[in-house]
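K.L.:
Give me a 3D structure for the following:
(chains A and B)
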2 protein chains.
Amino acid sequence: MTITITAFERSPDGGQGLARDTRVRWALEELGQPYKVRLVTFEGLKQPAHLALHPFCQIPTYEEGNLVLFETGAIVLHIAERHAGLLPHHANARARAIAWLFAALNTVELPIVELSNVMLLERDMPWYAERLPLVEGRVRDRLTQLSSRLGSAEWIDGPFSAGDLMMVSVLLRARSSGILDEFPNLAAYVARGEARPAYKRAFAAQLAVNAGAVPS
Amino acid sequence: MTITITAFERSPDGGQGLARDTRVRWALEELGQPYKVRLVTFEGLKQPAHLALHPFCQIPTYEEGNLVLFETGAIVLHIAERHAGLLPHHANARARAIAWLFAALNTVELPIVELSNVMLLERDMPWYAERLPLVEGRVRDRLTQLSSRLGSAEWIDGPFSAGDLMMVSVLLRARSSGILDEFPNLAAYVARGEARPAYKRAFAAQLAVNAGAVPS
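P.N.:
Below is the predicted model of the structure:
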């Protein structure tokens, strides 16, 4: 069955790969699954047709036959469960890879999104200069813990998994703040993720959309 | 095999059921699984023994034989996969229940935690009064979308699932702000969750700890 995902017609990041469709594209590329992309405008996100697919008016969505999914974490987990390559076979190792998937989205991404909100939505507020370091501190606290756990390992918990895919994707969102580079082992971990052929294909595909080329 | 989870020796909420062990207790109660609780002090969260279980120094953790898990979402999903009752049998319905589990944690909880941070950590800051309504607006935007999707349904997507368990748990954290009660259908949804016998047992168990009684 054909897999169709949605992505921004014009991504707010101009093709830096930070929009969440890149995460799903990456997973599909790791698993060798072809997919189609339907582009959605900002106006289109709020229309009934898209709202039926995504109750929170976001991208990406995932359609395959009768199945409609939303939430990047759920989509990545779904495809990782159906095709070998992103989850270990052993039950305990599999459960731990899924724990890291949740950790990326619920524990590590939370202060990073809070920081993005400050930088994007509160830049003109009178408290910006005073509050920014406070939120940066929250990101730094989390990355200190993550850096300590990763140590000198190649991936976070055994071979590359859906947990690494999501953690690298989340960390990429902290790079522009400069905080990621304060942690050399995390910066190197992210670079290893970006060096994977599947990531490169996913990145190129989203960039092609944003450069105005024909989407994949 | 015996299941052991960790919880605060003294919860910051004084037993209101908002600490995340309540979510795991609730899932275990729904599935009829007995469990033990090991209490951890705030100081203990940072010690090597706990850090080995949870890289981000939080509760709850989950131990069962050789398996150690962290992240509430991953723990709830793990036990829901192993015992019938919190995930539908049909593959597509199962995937959608998991999508709602992720939506609760990554999309709905995010502005709610941001609001908690304002109320707990920024109350004495000069910007508090001006910034509070801005963050409340972010919570309100999400709950407007969720309320619209729930409509008059009993649960969010078919029968009660792990997705509802997590969404109700997340919404409970917004109640003290007063915003939940602006959405009568969401308030009623949360009340239906709280009325479930399994929730009541989980709530009573965490309250017993915080009232100084012997933990379950």
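
K.L.:
which of the residues in the least confident helix or strand in chain A by mean pLDDT are buried?
P.N.:
Using mean pLDDT, DSSP states H and E, the weakest-scoring helix or strand in chain A turns out to be helix A:109-121, at a mean of 93. By neighbour count with 16 or more other CB atoms under 10 Å in any protein chain shown, helix A:109-121 contains the buried residues A:109-118. The C-beta positions use only the backbone N, C-alpha and C, and glycine is treated the same way.

K.L.:
and the top helix by length along chain A with chain B, contact?
P.N.:
If you go by DSSP state H, chain A has its longest helix at helix A:128-150. Yes. Judged by CB under 8 Å from any CB of the partner chain, helix A:128-150 comes into contact with chain B at A:130-131, A:134, A:138, A:142, A:145-146, A:148-149.

K.L.:
Among those residues, which one has the most neighbours?
P.N.:
Most neighbours among these, by other CB atoms under 10 Å in any protein chain shown: A:L146, with 23 neighbours.

K.L.:
That one contacts B:P55, doesn't it?
P.N.:
Yes. A:L146 is within contact range of B:P55, at 6.9 Å (criterion: CB atoms under 8 Å).

K.L.:
Let me see the confidence value for the residue of chain A most remote from its centre.
P.N.:
Largest separation from the mean C-alpha position in chain A: A:P126, at 31.2 Å (CA atoms, centre = their mean). A:P126 is assigned a pLDDT of 93 by the prediction.

K.L.:
Who are the contact partners of it?
P.N.:
B:127, B:130 (CB atoms under 8 Å, 6 or more residues apart in numbering or on different chains).

K.L.:
Pull up the gap between it and B:G137, please.
P.N.:
18 Å (CB to CB, to the nearest Å).

K.L.:
Likewise for A:P197?
P.N.:
In terms of CB to CB, A:P197 sits 43 Å off from B:G137.

K.L.:
can you check A:A52 too?
P.N.:
Taken as CB to CB, the span from A:A52 to B:G137 is 25 Å.

K.L.:
Now do the helix or strand following the longest helix of chain A and helix A:109-121, the angle between them.
P.N.:
Sequence-wise, the next helix or strand downstream of helix A:128-150 (DSSP states H and E) is helix A:162-172. Interaxial angle, helix A:162-172 versus helix A:109-121 (axes from the mean of the first three to the mean of the last three CA atoms, to 10 degrees): 30 degrees.

K.L.:
Test my guess that A:I79 contacts A:E29.
P.N.:
No. Under the criterion of CB under 8 Å, A:I79 makes no contact with A:E29, lying 10.7 Å away.

K.L.:
all strands for chain A, in order.
P.N.:
A:3-8, A:36-40, A:61-64, A:67-70 (DSSP state E).

K.L.:
Now render these as a markdown table, adding distance to B:L87 and mean neighbour count.
P.N.:
As requested, the strands of chain A are exported to a markdown table (distance: least, CB to CB, whole Å; neighbours: other CB atoms under 10 Å in any protein chain shown):
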| stretch | distance to B:L87 | mean neighbour count |
| --- | --- | --- |
| strand A:3-8 | 22 | 21 |
| strand A:36-40 | 29 | 18 |
| strand A:61-64 | 18 | 22 |
| strand A:67-70 | 15 | 20 |
